[in-house]
Each structure stands twice: as C-alpha cells, then as structure tokens.
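# When you get a sec, could you give me coordinates for this:
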Amino acid sequence: MDNSYLKTYFDKIKGDENKFFLKFRRALKRGKSSVYHNVVSEAITLDSGWVDTMESALFSVEKIVRNPKKFIIDEDLLVDVERAKKTTAKTVRHLSSNSQFVQSISEAGEVRPKKLLTTEMNEDLAIYENRFICTLVHFCVNFVENRYNDIKGRSNAFDQTGVGLISNFKVGKSDCEVKLDIKVKEEPKDKILLERNNDLIARIEQLRKRLRVLISTDFIRKLSDKKPVRPPIMKTNIIKMNVDYQNCYKLWLYVSSYTYVGFSVQFQDKNLPVETDFYDDLTTVCALGFQALFSNNYLNREEYEQIPFSLIKEKQFKVLTAYKFQPEFNADKKGYEENAVNEYYFQKLRDEIVAATKRSGVEQERDLKLSFARFCRSIAKINGEMYADVINSHIPKESIKLKTPLQKKEEAVKKQKLYLQRYRQLSLLKREELEKTLKAEARELIKLEKLEAELAKEKGRVKSRKERQKKEKERLKRIKDKKALAVKNAQKYEDDLREKDAEKLAQKEEERRLKREAAQRRRDLKRLEELKEKYDET
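Residues are numbered from 1 along each chain as shown. The predicted structure follows:
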C-alpha cells in the first residue's frame with residue numbers, strides 16, 4: 001500500500017505553516033490530561049454438568065413416553081339393546097331397577113328391553129406416575145430454555161485492546177475538553193475453550209429439539225389438561241421399582257436443586273505502557289479533530305447562524321408538604337407535650353376543609369411520638385375544635401339592620417336553635433360511632449378468646465408432646481438399662497460357662513493322667529513278673 005500521500009499530508013500538518021494546528025496541540029499538551037492503554041481478556045466457561053445429566057436422563061423419559069404405564073378402568077354405558085355386546089349380573093340389576101327401559105313383556109314372561117347397561121374396559125393414562133412425567137417434561141423445558149437464553153450470545157470470549165485520552169485545556173479564552181476512546185475486540189487466543197463452548201451449545205440445542213419432540217407427543221398432549229403433580233413427589237411402587245421412573249425422579253431432584261446460572265465469566269486485564277511517540281500520535285489525532293471542528297464552523301458560520309434554536313423547555317417543579325406521623329402506643333406513662341399533635345393535626349384538617357389547596361412551601365417532615373391515651377385525648381380535643389369551627393361557619397352572622405331588642409332576642413333564639421340542631425346531629429353521629437367502636441371491641445374480644453383458646457390448645461399439645469417425649473426417653477432409658485443388664489448377665493453367664501469348661505477340662509486331664517499312671521504301673525508289674533519268671537527258670 002502506498003502511504004506517501006498520507007505521509008505528505010501529516011508532514012504538511014505538522015509543519016510550521018499550520019500554526020492553528022500547532023497552537024491547539026501545544027495547548028492540549030499543557031492541559032490536564034489522562035491517558036490509558038490496556039488489554040482486557042474475557043473468558044466464559046459453560047457448565048456441562050446439567051447437560052450431561054439431562055442427556056442421560058431423557059432416554060428414560062423418552063422410553064416411558066413411548067410405552068407408558070396404563071390403568072384399566074371399567075366404564076358403565078347405557079346403550080340401545082342392539083349395540084349391547086355383553087350382559088352381566090349388573091345389567092340385570094340395573095334393568096330390574098329401571099323399568100322405563102323395558103320395551104315389552106310377553107305372556108311367556110320374556111322381557112324385551114329398549115336399553116341395557118353395559119361395561120366397557122378403557123385404558124387410563126392419567127395415573128399419578130404419568131402425570132409426574134408430564135410435569136417433569138414441562139419443568140425441563142422451562143429449565144433448558146432459561147439456561148439457553150442466558151447462555152446464548154454470552155459464550156463468545158474476546159480479547160479487547162483499548163486506548164483513551166481525556167484532556168481539559170484552554171485555547172485563548174475558550175475552555176476545551178477532548179475525550180478519545182478506542183476499543184478493538186478480537187477473537188481470543190484460547191481456541192480450545194471457544195470450541196468447547198460451541199460444542200456445548202450444540203448439545204443444548206439438541207436437548208431443546210428432543211424436548212420439543214416430547215412436548216408434541218400424544219402422551220404429553222393428553223395429560224397436559226390434567227392436574228399436574230406438586231412437590232414433594234410421592235415415591236409410589238412404580239417409581240420405586242421401575243428403573244426408568246427412578247431416573248426421572250432423580251432428574252426431578254437434580255433440576256429442582258440446580259440454582260446456578262450455567263456459566264462463569266473470568267476477566268483479566270493488564271495496563272500497557274504509553275510511549276512518548278504514541279502519546280504524540282494521540283494528541284495529533286485530537287488536535288486534528290479540533291482543527292476540523294473550528295474549520296467547519298468558520299466555513300459554514302453564515303448557514304449555521306440562520307438555523308433557529310429549539311424552544312426553551314421549562315422544568316415543572318412540585319411543591320409538597322409531607323408529614324411523617326409515627327405514634328407510639330407503648331409509652332402511656334411518659335410525659336409529652338399535649339400541643340404536639342395539635343399543631344400537626346389541626347392544620348391538616350383545616351387544610352383539607354379549605355377548597356383552595358394551593359400551598360407555597362417546601363417539603364416538611366415531622367416525627368410525632370405520643371402515648372395512645374394522650375393521642376386519643378388530643379385527637380378528641382382537635383375534633384371538638386374543628387366541630388366548633390364548622391358549626392360556627394354554618395351559623396348566619398348577626399344582621400346590622402336589626403335594632404330593636406325584640407328583633408335581637410328573636411335572632412338569638414333562632415341562632416341558638418341552629419346550634420342545638422347541629423349538636424344533636426353531632427351527638428347522633430357520635431352515638432353511631434360509639435356503637436361501631438363497641439362492635440369492633442366485641443369482635444376483637446371474640447378474636448382474643450379464639451386466640452387464647454388456640455393458645456391453650458397449643459400449650460396442651462406442646463405439654464402432651466413433652467410428656468410423650470419424656471415417657472419415650474424414660475422408656476428408652478429402661479430399654480437401655482435392660483439391655484445393659486442383659487449384656488452384663490450374658491457376660492457373667494459366659495464367664496461361668498468358661499470357668500465350668502475349664503474345670504471340666506482340668507478334671508478330664510487329671511483323669512487321663514491317672515489312667516496313664518495306672519497303665520504305666522501295670523506295664524511295670526507285668527515286666528517285673530516276666531523278669532521274675534525268667535529268674536526262676538534259671
């Protein structure tokens with residue numbers, strides 16, 4: 001590639017004739033700058049354990065789906081007599097109980113029915129074990145899809161080389177800022193890990209295909225509308241004895257306990273040195289960008305001045321008055337200021353009555369802590385003041401035109417009647433409120449009695465459980481003592497038998513010794529007699 005033109009261009013830019021460029025470059029070097037040059041390596045390792053487990057277990061699932069266990073049920077059907085293939089004693093009992101299905105009875109007593117109850121044998125797939133397999137297949141589909149979506153697109157590792165420059169500087173009276181950030185991603189040098197991840201993803205896709213085939217089978221379609229099983233799974237005889245169902249049960253336990261994402265990410269980075277020539281090249285690139293910006297603005301300044309600005313957007317602000325009210329009902333004996341609630345509650349109720357709710361204030365927050373009894377008395381006092389304000393606001397003011405004492409008295413009587421009417425309405429409302437409070441108290445009392453009864457029952461159960469545990473401990477202790485005593489007696493009996501055996505053995509040995517001595521004496525006597533006879537003959 002011929003780089004002579006590019007070299008000539010850079011020599012021309014860096015020459016003494018281009019003073020604008022040189023001025024920017026000097027200002028950029030004098031400014032506050034930070035530069036980085038690093039290499040980041042990202043390696044993603046996929047977990048193959050769950051893939052191996054599911055691949056081996058799906059063979060058992062597929063075998064069960066091809067040849068599932070079935071349950072034969074007898075289904076009673078009421079059909080026309082022409083369609084009845086087999087009659088049983090149950091058919092006769094049903095016909096004798098339902099005479100409306102008899103067509104006619106002949107003089108000879110022959111019965112001709114219209115309909116008969118027959119029994120047909122049908123196969124039922126919706127047994128517990130098959131519903132367990134159906135639920136397991138749906139569970140595995142969700143499991144594999146979630147892991148596949150998490151892994152897809154993240155299995156590609158990379159090596160990233162980055163360089164950046166951030167600088168703040170001044171050119172004349174102008175404050176300038178430049179940010180340069182370049183990143184290059186390349187394939188990693190470790191090709192073995194990449195091939196392993198690709199192979200594992202291919203295996204996961206094959207698992208997805210196998211699961212989609214299982215979902216589309218008649219077995220799963222027929223059982224999908226049945227009630228699914230809920231954990232814990234009951235270990236029926238079929239699940240215990242059949243090898244394929246055992247493998248499915250183990251797969252259920254494995255998938256339920258697997259809580260990992262399915263992959264791990266490892267990052268490695270290192271900082272590379274920035275040489276002086278490399279830094280000069282970076283500043284040259286940034287200075288070229290500033291030169292291009294100012295040159296473009298200068299050449300197109302007339303066209304740019306004709307472009308209008310967008311409309312000014314004003315930010316709307318909200319004015320909020322917030323109260324954080326936290327009454328404490330556990331400090332009835334503590335003393336608090338009685339007017340502490342009045343300032344908050346009276347102002348709040350009055351603000352709600354006023355139609356104009358515009359406020360001009362900043363956010364306020366107050367923590368009010370008060371005992372429950374004092375709190376209720378303060379609220380009652382505030383309510384009384386509010387009721388008085390409301391009643392006074394509804395009473396018409398005294399007219400200035402009234403001058404005679406009689407008219408003034410009549411006006412006072414009329415006003416007093418209005419006062420009495422309002423307070424009667426208020427007393428009626430308070431009586432209704434009191435009745436509601438008493439009903440609420442009665443309900444809470446009933447709840448308390450129920451809870452106390454449940455508590456007493458629970459205490460009884462706990463006490464009986466403790467007594468049973470105590471009796472069980474005593475029983476186990478007695479069994480242990482009896483066992484220890486039996487072991488001791490057995491040891492003693494064994495020792496006695498050993499001693500008796502030793503005595504018998506010693507007695508037998510003594511008898512054998514005596515027999516040997518007697519035999520020896522007999523032999524000696526016989527020999528003496530023989531010697532005596534021989535001596536006599538000579």
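
# C-alpha from now on. contacts and neighbour counts both.
Noted.

# could you measure E62 against I220, distance?
11 Å (CA to CA, to the nearest Å).

# Could you do L272 as well?
On the measure of CA to CA, L272 and I220 end up 59 Å apart.

# more crowded one of the two?
Between L272 and I220, counted using other CA atoms under 10 Å, I220 has the larger neighbour count: 20 against 13.

# Over to that one. Which of the three states is it?
helix (DSSP: H, G, I helix; E, B strand; the rest coil).

# What mean pLDDT does whichever helix or strand L95 is part of get?
According to DSSP states H and E, L95 maps onto helix 89-97. For helix 89-97, mean pLDDT rounds to 74.

# Can you give me the buried ones in that helix?
Residues of helix 89-97 classed as buried: 91, 95 (neighbour count, 16 or more other CA atoms under 10 Å).

# for stretch 411-428, same thing?
411, 415, 418-419, 422.

# packing partners for the helix holding L95?
strand 115-124 (3 or more CA pairs under 8 Å, 6 or more residues apart in numbering; DSSP states H and E).

# Name the next helix or strand following the strand it packs on along the chain.
helix 128-151.

# From the chain's centroid, how far away is that next one?
When C-alpha coordinates are averaged (CA atoms, centre = their mean, to the nearest Å), helix 128-151 and its chain have centres 18 Å apart.

# again, but for stretch 524-538
114 Å.

# Give me the mean pLDDT for it.
81.

# Alpha carbons of it, in CSV - could you do that?
Only the C-alpha atoms of stretch 524-538 are listed here, as CSV (Å, rounded to 0.1, in the frame of the first residue of the first chain):
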residue,chain,number,x,y,z
ASP,A,524,5.9,-102.2,85.1
LEU,A,525,4.3,-105.0,87.1
LYS,A,526,4.0,-107.2,84.1
ARG,A,527,7.6,-106.6,83.3
LEU,A,528,8.7,-107.5,86.8
GLU,A,529,6.7,-110.7,86.7
GLU,A,530,8.3,-111.6,83.4
LEU,A,531,11.7,-110.9,84.9
LYS,A,532,10.8,-113.0,88.0
GLU,A,533,9.7,-116.0,85.9
LYS,A,534,12.9,-115.8,83.9
TYR,A,535,15.0,-115.7,87.0
ASP,A,536,13.1,-118.7,88.5
GLU,A,537,13.7,-120.7,85.4
THR,A,538,17.4,-120.2,85.6
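
# Assign the residue nearest the centre of the chain to helix, strand or coil.
Most central in the chain under CA atoms, centre = their mean is T259, positioned 10.4 Å from the mean C-alpha point. Under the three-state scheme (three-state DSSP), T259 adopts coil.

# cool, F267 as well?
Secondary structure of F267, per three-state DSSP, is strand.

# That one touches T45, doesn't it?
No. Contact status for F267 versus T45: not in contact, 11.4 Å apart, counting by CA atoms under 8 Å.

# circling back to that earlier point, what is in contact with E62 and I220 at once?
L214 (CA atoms under 8 Å, 6 or more residues apart in numbering).

# Helices of this structure, start to end?
4-14, 19-30, 49-66, 89-97, 128-151, 191-215, 218-223, 237-241, 243-257, 276-299, 301-305, 340-353, 372-394, 405-537 (DSSP state H).

# Show me the shaky parts of the stretch 201-350 of the chain.
Where the stretch 201-350 of the chain drops to pLDDT under 70, the residues are 311-350.

# how about 50 then?
For the stretch 201-350 of the chain, residues meeting the criterion pLDDT under 50 lie at 319-345.

# Kindly report the same for the stretch 351-500 of the chain.
352-370.

# Could you list the alpha-carbon positions for stretch 224-238 in PDB?
Coordinates of the C-alpha atoms in stretch 224-238 are reproduced here as PDB (Å, rounded to 0.1, in the frame of the first residue of the first chain):
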ATOM      1  CA  SER A 224     -51.400 -31.500  29.600                       C
ATOM      2  CA  ASP A 225     -55.000 -30.700  30.600                       C
ATOM      3  CA  LYS A 226     -54.800 -33.000  33.700                       C
ATOM      4  CA  LYS A 227     -53.900 -31.800  37.100                       C
ATOM      5  CA  PRO A 228     -50.100 -31.500  37.400                       C
ATOM      6  CA  VAL A 229     -48.300 -33.000  40.400                       C
ATOM      7  CA  ARG A 230     -47.000 -30.800  43.200                       C
ATOM      8  CA  PRO A 231     -43.800 -31.400  45.200                       C
ATOM      9  CA  PRO A 232     -43.000 -33.300  47.200                       C
ATOM     10  CA  ILE A 233     -43.200 -36.200  44.800                       C
ATOM     11  CA  MET A 234     -44.700 -39.400  46.300                       C
ATOM     12  CA  LYS A 235     -42.500 -42.400  45.800                       C
ATOM     13  CA  THR A 236     -45.100 -44.900  44.600                       C
ATOM     14  CA  ASN A 237     -44.300 -48.600  43.900                       C
ATOM     15  CA  ILE A 238     -43.800 -47.900  40.200                       C
END
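
# for it, which positions count as buried?
Applying 16+ other CA under 10 Å to stretch 224-238 flags 224, 228-229 as buried.

# Of F267 and T45, which one has the most company?
More crowded of F267 and T45, by other CA under 10 Å: T45, with 18 against 10.

# For that one, name its beta-bridge partners.
For T45, the beta-bridge partners are S264 (DSSP bridges).

# quick revisit: which residues are contacting the helix holding L95?
So helix 89-97 is contacted by 101-102, 113, 116-118 (CA under 8 Å, 6+ apart).

# so what's V65 closest to, chain neighbours aside?
F219 (6.3 Å; CA to CA, 6 or more residues apart in numbering).

# Hmm, N67 and that neighbour touching each other?
No. The pair formed by F219 and N67 falls short of the contact definition of CA under 8 Å, at 9.5 Å.

# which one of these two has more residues nearby?
F219 (21 against 10).

# Distance check, that one against C140.
Counting by CA to CA - F219 and C140 are separated by 16 Å.

# can I see the domain layout of the chain?
Here the domain parsing of the chain from automatic domain parsing is 4-30+273-303, 46-70+125-270, 71-124, 324-394.
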